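S.K.: Test case, fold it:
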Amino acid sequence: MTVANQITLARILLIPVFVGFAVYYSDSVKTGHPNESLRYWAMAVFAAAALSDGIDGWVARRFNQRSKLGVILDPLADKLLLMSAIITLSVTAWPAKLPLWFVILYLTREVFSIAGAFVIKHVAGSVHIQPHWTGKSATVGEIVAVSVAMLNLTPLVLPASIVAGVFIFSSGMVYLAVAVRQIQASGHGNPES
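M.R.: Here you go, the predicted model:
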C-alpha cells in the first residue's frame with residue numbers, strides 16, 4: 001500500500017474520532033456546562049483530516065503513487081468526512097447547528113450522485129464524469145459552513161449554509177445534465193431504442 005493511500009486511510013480513521021469528540025461536546029452542552037476542550041479537539045481532528053486530503057494528493061503526485069485504490073479511497077474519505085461533520089453538527093446539541101434543510105439538500109445530492117453513477121454504469125457501460133467548478137465550489141462551501149458551525153459563529157451559519165446550498169444545488173443540476181447526456185449517447189435514452 002502506498003504512503004498516499006495510508007494517509008487517506010488515516011483520514012478515514014480520524015472520522016469516528018472527530019464524531020466522538022463532537023458528540024461528547026454536544027452532551028456537555030446539554031448539561032449546561034460546555035466542555036470547550038472537547039470542541040477544540042473536535043476542530044483539531046477535523047482540521048487534521050481535512051489537511052491530510054491535500055497531503056495525500058501531493059504525495060501521490062510528487063512520488064508517482066497514484067493507484068486504483070487511491071482513486072476510490074480519496075473521494076470516499078472526503079465524502080465520509082464532510083457527511084459525518086454535516087450530520088453530527090445538525091442532529092446534536094452543538095450550539096451553532098447547521099440548518100436541517102441544508103443537511104437534506106446535501107444528503108439528497110449525495111444519494112442521487114451515487115444512484116446516478118450506478119444507473120449510468122448499468123445503462124451506458126461506463127461512467128465519465130469530470131469534476132465541475134460548481135462541485136468544487138460546493139465542497140469549499142460545505143467546509144466553510146462546517147467550520148463556521150464548529151467555531152460557534154452562529155450569525156454566520158445561515159449565510160454560509162445558503163451560499164453552500166446554492167452550489168450544492170447547482171452542482172447537482174450540472175451532474176444530472178451530464179448523466180442524461182451519457183445515457184442518451186449510449187443509445188438507451190432515446191425513445192426509439
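S.K.: List the buried residues of the helix or strand bottoming out on mean pLDDT in the chain.
M.R.: Across the helices and strands of the chain, the lowest-confidence element by mean pLDDT, DSSP states H and E is helix 100-124, at a mean of 88. By 16 or more other CB atoms under 10 Å, the buried positions in helix 100-124 come out as 102-103, 105-106, 109-110, 113, 116, 119-120, 124. Using the backbone N, CA and C atoms, a C-beta is placed for each residue, glycine as well.
S.K.: chain center to whichever strand or helix holds Asp53, what's the gap?
M.R.: Assessed by DSSP states H and E, Asp53 sits inside helix 36-62. Centroid separation for helix 36-62 versus its chain: 14 Å, with CA atoms, centre = their mean, to the nearest Å.
S.K.: what comes into contact with the helix or strand just after that helix?
M.R.: Downstream of helix 36-62, the next assigned helix or strand under DSSP H and E is helix 68-91. By CB atoms under 8 Å, 6 or more residues apart in numbering, the residues outside helix 68-91 that reach it are 1-2, 4-5, 8-9, 11-12, 14-15, 18-19, 22-23, 26, 46, 49-50, 53, 56-57, 60, 94, 96-100, 102-103, 106-107, 110, 139, 142-143, 145-146, 149-150.
S.K.: next one: stretch 21-31
M.R.: Here stretch 21-31 has contacts from 34-36, 38-39, 41-42, 45, 85, 88-89, 92-95, using CB under 8 Å, 6+ apart.
S.K.: Tell me the buried residues in the very next helix or strand once past the least confident helix or strand of the chain?
M.R.: Going down the chain from helix 100-124, the next helix or strand is helix 133-150, by DSSP H and E. Residues of helix 133-150 classed as buried: 134-135, 137-139, 141-150 (neighbour count, 16+ other CB under 10 Å).
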